[in-house]
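Engineer: this is a predicted model, with the sequence first.
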Amino acid sequence: MPVEGQKAPEFALKATNGQTISLSEFRGRRNVVLYFYPKDDTPGCTKEACFFRDMQAEFEDVGTVILGVSTDSVKSHEKFAEKYHLPFSLLADEEKRVSTAYGVYKEKSNYGRTYMGVERTTFAIDKEGVIRRVWPKVTLEGHIDEVLDFVKRM
């Protein structure tokens, strides 16, 4: 997993807006909150997306764009975004390259079963493309407030 102070791994992924979004397009212009989540339309992931949705204007006010990433397809992301009125882009990492580069695609276990999947993780990336904060193994309660407080100081 990349650490604070390192350049964030570059990426270009298909997004819900029908475009391809790359990290470099925000360089010099906006901070980025890049959050990785396991699966569209599941309880924890829905809660996280809706928390970001409800505070999106506050992130915008401090020059920060929110990008959600999972290994689901663009079609799945579009249904999820429409259902919950998500105003930010969701990026489809179907080949798991970006999740792997960010160190969030790893072995997980649930009820004694092990499998590969995305570990809920958030990265705060500054305008120069440097990772300023990593929140691994995110617990949702209070997380979005903590991220917002941090990016206000970036």
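Structural biologist: Yes, it's here. Since the structure is predicted, the reported quantities are computational estimates derived from the model, not experimental observations.

Engineer: CA atoms for contacts and neighbours, from now on please.
Structural biologist: Noted.

Engineer: show me where this structure has strands.
Structural biologist: Under the criterion DSSP state E, the chain contains strands at 12-15, 20-22, 31-36, 64-70, 89-92, 105-110, 113-118, 121-125, 131-135.

Engineer: need the winner for burial among these.
Structural biologist: Of the strands of the chain, the one with the most neighbours on average (mean count of other CA atoms under 10 Å) is strand 89-92, at a mean of 26.

Engineer: may I ask which helix or strand of this protein has the lowest mean pLDDT?
Structural biologist: Least confident helix or strand, the chain: strand 105-110 with a mean of 91, by mean pLDDT, DSSP states H and E.

Engineer: from the middle of its chain, how far away would that one be?
Structural biologist: Relative to its chain's centre, strand 105-110 lies at 18 Å (CA atoms, centre = their mean, to the nearest Å).

Engineer: again with stretch 77-96
Structural biologist: With CA atoms, centre = their mean, you get 11 Å for stretch 77-96.

Engineer: just the CA trace of that stretch, in PDB.
Structural biologist: Presented in PDB, the C-alpha positions along stretch 77-96 are these (Å, rounded to 0.1, in the frame of the first residue of the first chain):
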ATOM      1  CA  HIS A  77     -22.000   1.800 -10.800                       C
ATOM      2  CA  GLU A  78     -24.600   3.600 -12.900                       C
ATOM      3  CA  LYS A  79     -27.500   1.800 -11.200                       C
ATOM      4  CA  PHE A  80     -26.000   2.400  -7.800                       C
ATOM      5  CA  ALA A  81     -25.400   6.100  -8.400                       C
ATOM      6  CA  GLU A  82     -28.900   6.600  -9.900                       C
ATOM      7  CA  LYS A  83     -30.600   4.700  -7.000                       C
ATOM      8  CA  TYR A  84     -28.900   6.800  -4.300                       C
ATOM      9  CA  HIS A  85     -28.500  10.100  -6.300                       C
ATOM     10  CA  LEU A  86     -24.700  10.000  -6.000                       C
ATOM     11  CA  PRO A  87     -23.300  13.300  -7.400                       C
ATOM     12  CA  PHE A  88     -19.700  12.200  -7.700                       C
ATOM     13  CA  SER A  89     -18.000   9.700 -10.100                       C
ATOM     14  CA  LEU A  90     -17.700   6.000  -9.400                       C
ATOM     15  CA  LEU A  91     -14.800   4.400 -11.200                       C
ATOM     16  CA  ALA A  92     -14.800   0.800 -12.500                       C
ATOM     17  CA  ASP A  93     -11.700  -1.200 -11.700                       C
ATOM     18  CA  GLU A  94     -12.800  -4.400 -13.100                       C
ATOM     19  CA  GLU A  95      -9.300  -5.700 -13.800                       C
ATOM     20  CA  LYS A  96      -8.300  -4.800 -10.300                       C
END
